[in-house]
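Asker: Build me a model:
(2 chains)
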Protein chains: 2
Amino acid sequence: MPVNPPELSPPLPVAGFRIGTASCGVKSADLRGKRMDLTMIATDVDCRAAGTFTQNRLRAACVDLGEAAIREHGEHIRGIVANSGNANAGTGIREEAWAQMMIDAAAEALGVDSKQVLSASTGVIGTPFPIERIEAGIREAASCNADWRLAAEAIRTTDTFAKWASCKVGEYTITGIAKGSGMIHPNMATMLGFIATDAPLTQAQLQPILKRAVDQSFNSISVDGDTSTNDTVYLLSSGIGLGHAPLADTQAFATALETLCIELAQMIVRDGEGVSKFVTIHIRGARTEAEARHVGRTIAVSPLVKTAFAGSDANWGRIIAAAGNAGVEFDPDCITLRCNDVIMMENGNLHPDYRDADGMAVFARDEFSITLDLGMGDAHATVWTGDLTHEYITINAEYRT
Amino acid sequence: MPVNPPELSPPLPVAGFRIGTASCGVKSADLRGKRMDLTMIATDVDCRAAGTFTQNRLRAACVDLGEAAIREHGEHIRGIVANSGNANAGTGIREEAWAQMMIDAAAEALGVDSKQVLSASTGVIGTPFPIERIEAGIREAASCNADWRLAAEAIRTTDTFAKWASCKVGEYTITGIAKGSGMIHPNMATMLGFIATDAPLTQAQLQPILKRAVDQSFNSISVDGDTSTNDTVYLLSSGIGLGHAPLADTQAFATALETLCIELAQMIVRDGEGVSKFVTIHIRGARTEAEARHVGRTIAVSPLVKTAFAGSDANWGRIIAAAGNAGVEFDPDCITLRCNDVIMMENGNLHPDYRDADGMAVFARDEFSITLDLGMGDAHATVWTGDLTHEYITINAEYRT
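Answerer: Down below sits the predicted model:
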């Protein structure tokens, strides 16, 4: 059961983008026609594209191919093809060929060059890729007229709800979809996000804007601390909204994109495997934003912290002990810790007014925040995470994902 | 239920060492007299001492005091006093004073200088330290005639069995005790180990020998990836075995100590919170031993790997994905993976003879090994870990530890 999933308004169409979906039976031929597992995002014009990719050493071939395509043809992208049910990772000598065949099939179906197509795969690792069923699905998807909601449905794996978000920047539109619920950790975790806009930006503008937005959102969430082989976020700009009128305010676009990515990232945490609590961790008073985020992430992945969340136990010693494991320099005598507005520790000392019952009342909620001030500087970061529950064990020990 | 705990022979006494224990009611006054929670290891002569300490930034005051004592008075140590039930960590302005009061009480009871006494505390973090009850317990322990088995009993927290090991190096003796079952991770995790020997070694010899043994043992195990604020291993040498005859072979001592530390460390994993499987992870073909150990540790803490162990699911894609997260350079096309003698992947390819049923049969056992060859060099390391089970969640979510 997700934690307070938002009620989503219908996603806004984006000028220049068409969507197709199909049910190929990627995971098993028996599922063909029963569950959508292929998404095609086709564009009417050459798009500028940016991407961020997993930091896992064992990257799937589709990630390598996508990064190369953006580097070499990033101003002429014509589509994204993505499947769920099989990650085509750890599949050995045939992995790259399979990934290329998927791209080739999409390019042929769209009537564009293979170099103009990006791809993504998510699902089980180390299982042969059913390329014939996927090729058939691509032909089907290319002639289908779907929408962003269906696209979000088709990239789900263990997600319990489809994730999308839309916003307007002036007259321009941004719409994004995302998936991910396990193996979620900063630096791109089995997590896919595809974002489209009709706002006109150059490729040189897109990449740093996307990087910043991803750092503040998808790279600031954690479900279980594992980082996947396939994580990818793509941002495509068709630039044809308003008949190519220039974008007046790039900063407004960047801010809107960051907000949209945070919405999607929070949905992923709310839908995290076995998550029953949604916890916001604010780190303040750090020397740098990177250190703040690293401390926040270290708290967010601590099994002892996450089980304390699960047990509604305001065992805050585990939080500061986890912070101490981040490898970031701070003075324990300067830290201040609170949950919501209850101060537990101030300037390194037990707060005289703190009562365990007050902390327990906050931890009993299904959403709350932890604020840790390191007392070292002015930098800050926010990380979102869930708890570690019996249901997480059940999902990951009893089913193969 | 621990996984195949060894049947332990009685610990051997060590010339020059006396043991006392007490039941102070550290965790709660109600427990006084019901459960031992204080250990004193007193020595008849000045001992050479070495120590290894937690890398957590938030170190308990007893750790700082112990490190300073070894640095400044490491050839004249006369005892160790340790309590369970309260870590005296994260307790703010009074923490250091409380730690010093505990040492002073032990020194007074033993008739030695405070500078000659080491201390250790383990238990809950962030709770005021009941120093009066501990002082009373110290006086009681000083006049008690216990043994190493009772000392091992008295430092237990959530440990389900007391952990000790003894061996002979020629005519000399080494006896060690250890505790720890949660918050266990390389680099000293709520883990205490006290080792005594009558073999004559200089302090300059002891420290590197202990460091190496700890790296190969306590720093090569993981239960949950959390590192505690209080982890400490002390090694004391009275040097009075055989009437101060010189030690013929320092290397033999080092090897014996390493073996003894590995025995203790493996007991900690077997007794890990909620652990139902004991898994040995061998990393081979690494460029350096440090890289090999880091890859092994990264696999050992992955929640997805540990839940696959728990579910007896040979989902080996999670193992290589975890290895890819270690931040260590390797070529995915060169890796070879096996469990026991079943080869899953060879030189980056799915092994043609691998059948899922073969892997599942290995993962169904309560002890097995994973061997990952990175194909990058000749260095290797071994790490021991357990699985992540419902019982771990129950222990850590439903009880305050």
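Asker: any idea how far the closest residue to A:Gly386 other than its chain neighbours is from chain B?
Answerer: By the measure of Cβ to Cβ, 6 or more residues apart in numbering or on different chains, the closest residue to A:Gly386 outside its immediate chain neighbours is A:Val275, 3.2 Å from it. Placement of C-beta: from N, CA and C, glycine included. Between A:Val275 and chain B the distance, using Cβ to the nearest Cβ, to the nearest Å, works out to 13 Å.
Asker: ok, now A:Thr122?
Answerer: Distance of A:Thr122 to chain B, computed by Cβ to the nearest Cβ: 12 Å.
Asker: Which of the three states applies to the residue nearest to A:Gly386?
Answerer: The three-state label given to A:Val275 by DSSP: H, G, I helix; E, B strand; the rest coil is coil.
Asker: show me the contacts for the residue of the stretch 101-250 of chain A found nearest chain B.
Answerer: Taking Cβ to the nearest Cβ, chain B has its nearest neighbour within the stretch 101-250 of chain A at A:Ile125, 2.8 Å off. Contact analysis of A:Ile125 by Cβ atoms under 8 Å, 6 or more residues apart in numbering or on different chains lists A:Ala87, A:Ala89, A:Gly90, A:Thr229, B:Gly317, B:Arg318, B:Ile320, B:Ala321.
Asker: To what extent is the residue nearest to A:Gly386 buried, counted in neighbours?
Answerer: Other residues near A:Val275 come to 29 when the count uses other Cβ atoms under 10 Å in any protein chain shown.
Asker: For it, give me the pLDDT.
Answerer: As predicted, A:Val275 sits at a pLDDT of 89.
Asker: Just confirm A:Tyr392 contacts B:Lys306, I think it does.
Answerer: No - counting by Cβ atoms under 8 Å, A:Tyr392 does not reach B:Lys306; the two are 11.0 Å apart.
Asker: Between the two, tell me which one has more neighbours.
Answerer: Set A:Tyr392 next to B:Lys306 and count neighbours by other Cβ under 10 Å: B:Lys306 wins out with 31 against 27.
Asker: Looking at chain A, which strand is longest?
Answerer: The longest strand of chain A (DSSP state E) is strand A:38-53.
Asker: quick one: low-confidence parts of chain A?
Answerer: A:181-190, A:223-227, A:242-245, A:399-401 (pLDDT under 70).
Asker: rewinding a little: once you drop chain neighbours, what's closest to the residue of the stretch 101-250 of chain A closest to chain B?
Answerer: That would be B:Gly317: by Cβ to Cβ, 6+ apart, it lies 2.8 Å from A:Ile125.
Asker: Now do the contacts for that neighbour.
Answerer: A:Ala87, A:Ala89, A:Gly90, A:Val124, A:Ile125, A:Gly126, A:Thr127.
Asker: Could you look up the SS state of A:Ser369?
Answerer: A:Ser369 - assigned by three-state DSSP - is strand.
Asker: How much space separates A:Leu260 from chain B?
Answerer: A:Leu260 is 27 Å from chain B, by Cβ to the nearest Cβ.
Asker: ok, now A:Ala322?
Answerer: Applying Cβ to the nearest Cβ to A:Ala322 and chain B gives a distance of 7 Å.
Asker: One more: A:Arg270?
Answerer: For A:Arg270, the distance to chain B - Cβ to the nearest Cβ - is 19 Å.
Asker: what does A:Gly377 give?
Answerer: Taking Cβ to the nearest Cβ as the measure, A:Gly377 falls 16 Å from chain B.
Asker: Now that residue: closest residue in space that isn't a chain neighbour?
Answerer: Per Cβ to Cβ, 6+ apart, closest to A:Gly377 is A:Arg287, 4.2 Å.
Asker: Which residues lie in contact with that neighbour in this structure?
Answerer: A:Glu329, A:Leu374, A:Met376, A:Gly377, A:Ala379.
Asker: In this structure the fourth one contacts A:Glu289, no?
Answerer: No - under the criterion of Cβ under 8 Å, A:Gly377 makes no contact with A:Glu289, lying 10.0 Å away.
Asker: what residues go with each domain of chain A?
Answerer: With domains defined by automatic domain parsing, chain A comprises A:17-270, A:278-398.
Asker: what distance separates the start and the end of the shortest one?
Answerer: In other words, domain A:278-398. 24 Å (Cα to Cα, to the nearest Å).
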